[in-house]
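>>> could you work out the structure for the sequence below:
(chains A, B, C and D)
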2 protein chains.
Amino acid sequence: MDTSEITSDHQKKTARYAKAMGHPIRMYVLELLSKQNCCYSGDLTNILPIAKSTLSQHLKELKNSGLIQGEIEPPKIRYCLNHEAWAEAQKLFKDFLGC
Amino acid sequence: MDTSEITSDHQKKTARYAKAMGHPIRMYVLELLSKQNCCYSGDLTNILPIAKSTLSQHLKELKNSGLIQGEIEPPKIRYCLNHEAWAEAQKLFKDFLGC
DNA sequence: TTCGCTGTTCGTGAAATTGCGAACAAAAAT
DNA sequence: ATTTTTGTTCGCAATTTCACGAACAGCGAA
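Below is the predicted model of the structure:
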């Protein structure tokens, strides 16, 4: 079905950000990045008890949502928050939750 | 794998709330309830271009997350926010997003 | 007792998600 | 040139999600 006429653009956007946050591993990554600015994928692989392919998938989902971005520093990749998207998410959830 | 030792309780909780918010239809319902206090399932069925069984599934997901609750007023059901869970979600997302 | 209304559950199908190991690719190190 | 390191992608399996129509269940109305 097509709900595009009922649900608003900000509802779709908020839902998209929420979906990206809807997994504890991704919450962990986002919280880590909001505290320390950036991190390396390899470091996360050493910390988190999941396969590096699984971590790669989670990071991809966060990138696809726009919340983080990765900068290649061969052979590593440095991940950080995408501040533009982060600010947008802040505003959307503040408006939505009223806090 | 078991990430229960790495991801914290608040990260799991925030992820759970985020998951419930991760669909535009559920965002629509939550926003409606935050504005007008309560609504009837049947009214939503008339507004939203989705099958009533689909709406029932979405409402069930919101109930399972704790964000809403339904009160039976035969033959209808009246849905409203669960203010305790809503307040918790407000705090969790405020702490997480820093807004 | 039967009918009508409201909402849920079931079964289905398709798609998405989640996890993994293996294979691959790019770059640096040797 | 080869090896090592880092991270991605593929294929797989299992599960979940999302959508629906049909059947079911509870209640009030007739």
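
>>> hmm, the helix or strand hosting residue A:34 touching DNA strand D?
Under the criterion of DSSP states H and E, residue A:34 resides in helix A:24-36. No. Helix A:24-36 does not reach DNA strand D (CB under 7 Å from any atom of the strand); its nearest approach is 11.9 Å. Any C-beta I mention is one placed from the backbone N, CA and C, and that applies to glycine too.

>>> now for the helix or strand that comes right after that helix, which elements pack on it?
Proceeding N to C from helix A:24-36, the next assigned helix or strand is strand A:38-40, under DSSP H and E. Judged by 3 or more CB pairs under 8 Å, 6 or more residues apart in numbering or on different chains; DSSP states H and E, strand A:38-40 is in contact with helix A:24-36, strand A:76-81.

>>> gap between the residue nearest in space to the middle of chain A and chain B?
With distances taken as CA atoms, centre = their mean, the residue of chain A nearest its centroid is residue A:62 (3.5 Å). Residue A:62 sits at a distance of 12 Å from chain B (criterion: CB to the nearest CB, to the nearest Å).

>>> returning to that earlier point: reformat the helices and strands packed on strand A:38-40 as TSV; add mean neighbour count.
As requested, the helices and strands packed on strand A:38-40 are exported to TSV (neighbours: other CB atoms under 10 Å in any protein chain shown):
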stretch	mean neighbour count
helix A:24-36	19
strand A:76-81	17
